[in-house]
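1. predicted model and sequence below, questions to follow.
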Amino acid sequence: MGLKNFFSLFSSGPPRVDLWRRYERLRESHSGTMSHFYKVKDIRSGLVVGLKINDRQKSQLVENRYKGLERPSEGQIGATIQGPNIVKTIEWGISSDGESFIVQEFIEGTLLHALLAARKQLPPAQRLDLVRQAATAIAVVHKAGFVHRDICPRNFLLQSDGRLMLFDFGLSVPDKPIFLQPGNRTGTPNYMAPEIVRRKQADKTLDIFALGVTAFEICTLALPWPHGTTGSAAMLHDSTPVDIRTHWPDIPPPLAGAITACLAAEPGKRPPSMETFLRSISKVVL
């Protein structure tokens, strides 16, 4: 079944849900720029899940960019992308207040961003493992026919068993040129590919660039370019990055080379796929 036919099954959408009659709020886990996320219990089933409620106005700004293109909803995209390193989407819909919501499996763990922000060097073997898991998650997204568009440590969760989980498909789009045309800069500045900053046509290798920045940070606790909080920080991303060996002199050459290749300013010079990246580091042992 093609993606278009798959999504047509849900075109009418589920009925509107009174969220706080259906779910018992256990705690608010975190709030993002476009949503609130809660740990809740489904009153009917007793199942503890994660509930993401999108800010209506901010979400509409994203949706307006794809008006007329039949972009799948975040819930539809999340339900299609399934894998061992992907947070599972259980349900999605519109609340009785008119806000879009997504129900996900609830995972206890630590945001990768928080782990790196603690500034404690990870053991080399764990660095390699996290890089591989992050790349594997992105490979699943691409295989499902989508581009994530916001790969960064804030969107990975590390479970207590060591499994790294990718979540948040709010900016994701089908891997088709029409959805990746030049336009508004979308993503997290420090991980944003040059083609997005320069408002050029993009493709799935923008995720590969962001993986390169994320992997660099996992391995070194530093960024390959000066840190910033606005889009201007990403204007440097078409310049030569810091040599990763400056921060980790003993990094295995295949790993250093693979990460550096992801950071190429020109999309055509990056690894063409996450599978290619994973093969290039398959024999690295730490």
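-> Arrived safely.
2. show me where pLDDT drops low in the stretch 101-250 of the chain?
-> Along the stretch 101-250 of the chain, segments meeting pLDDT under 70 span 184, 228-233.
3. 80 instead, please
-> When the per-residue scores of the stretch 101-250 of the chain are filtered using pLDDT under 80, the ranges that remain are 183-186, 227-235.
4. ok, which stretches of it are helices?
-> For the stretch 101-250 of the chain, the helices defined by DSSP state H, counting those that start in this stretch occupy 112-117, 124-143, 194-197, 205-220.
5. need the winner for burial among the ones you listed.
-> When these are scored by mean count of other Cβ atoms under 10 Å, the highest mean neighbour count falls to helix 205-220 (a mean of 26). Yep, even glycine has a C-beta here, placed from its N, CA and C like the rest.
6. other SSEs contacting it?
-> In this structure, helix 205-220 makes packing contacts with helix 112-117, helix 124-143, helix 194-197, helix 253-262, helix 274-280, judged by 3 or more Cβ pairs under 8 Å, 6 or more residues apart in numbering; DSSP states H and E.
7. and Leu255, how far is that from Ser282?
-> 11 Å (Cβ to Cβ, to the nearest Å).
8. repeat for Pro267
-> Taken as Cβ to Cβ, the span from Pro267 to Ser282 is 23 Å.
9. any chance of the helices of the stretch 101-250 of the chain in CSV, with distance to Pro182 too?
-> As requested, the helices of the stretch 101-250 of the chain are arranged in CSV below (distance: least, Cβ to Cβ, whole Å):
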stretch, distance to Pro182
helix 112-117, 29
helix 124-143, 21
helix 194-197, 8
helix 205-220, 12
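10. among those, which comes closest to Ile244?
-> In terms of Cβ to Cβ, the element of these nearest to Ile244 is helix 205-220, at 5.8 Å.
11. number of nearby residues for the closest residue to Ile244 other than its chain neighbours?
-> What sits nearest to Ile244 in space, not counting adjacent residues and going by Cβ to Cβ, 6 or more residues apart in numbering, is Ala256, at 5.2 Å. Around Ala256 sit 19 other residues, with neighbours defined as other Cβ atoms under 10 Å.
12. one more: the one 5 residues further on?
-> Applying other Cβ under 10 Å, we find 16 other residues in the vicinity of Ala261.
13. and if you look at Ile43?
-> Summarising burial for Ile43: neighbours were counted as other Cβ under 10 Å, giving 12.
14. quick one: contacts for it?
-> For Ile43, the contact set (Cβ atoms under 8 Å, 6 or more residues apart in numbering) comprises Arg21, Arg22, Tyr23, Glu24.
15. mind doing that once more with 10 Å?
-> By Cβ atoms under 10 Å, 6 or more residues apart in numbering, the contact list for Ile43 reads Trp20, Arg21, Arg22, Tyr23, Glu24.
16. rewinding a little: dump the helices and strands packed on helix 205-220 to a markdown table, plus distance to Asp97.
-> Converted to a markdown table, those look like this (distance: least, Cβ to Cβ, whole Å):
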| stretch | distance to Asp97 |
| --- | --- |
| helix 112-117 | 30 |
| helix 124-143 | 30 |
| helix 194-197 | 33 |
| helix 253-262 | 41 |
| helix 274-280 | 38 |
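17. of those helices, which approaches Ala222 most closely?
-> For the helices and strands packed on helix 205-220, the distance to Ala222 is smallest for helix 112-117, at 9.7 Å, taking Cβ to Cβ.
18. what's next to the closest one, contact-wise?
-> Applying Cβ under 10 Å, 6+ apart, the set of residues contacting helix 112-117 from outside is 109, 111, 122, 126, 130, 133-134, 152-158, 164-166, 188, 214, 217-218, 220-222.
19. per-domain residue ranges of this structure.
-> Each structural domain of the chain that the record assigns through automatic domain parsing is listed here as a residue range: 3-105, 109-280.
20. tell me which of these is the most buried.
-> In terms of average neighbour count - mean count of other Cβ under 10 Å - the standout among the domains of the chain is domain 109-280, at a mean of 18.
21. and it, end to end?
-> With Cα to Cα, to the nearest Å as the measure, domain 109-280 spans 29 Å from end to end.
22. let's number from 8 now, not from 1
-> OK, 8 is where the count begins now, so the last one is domain 116-287.
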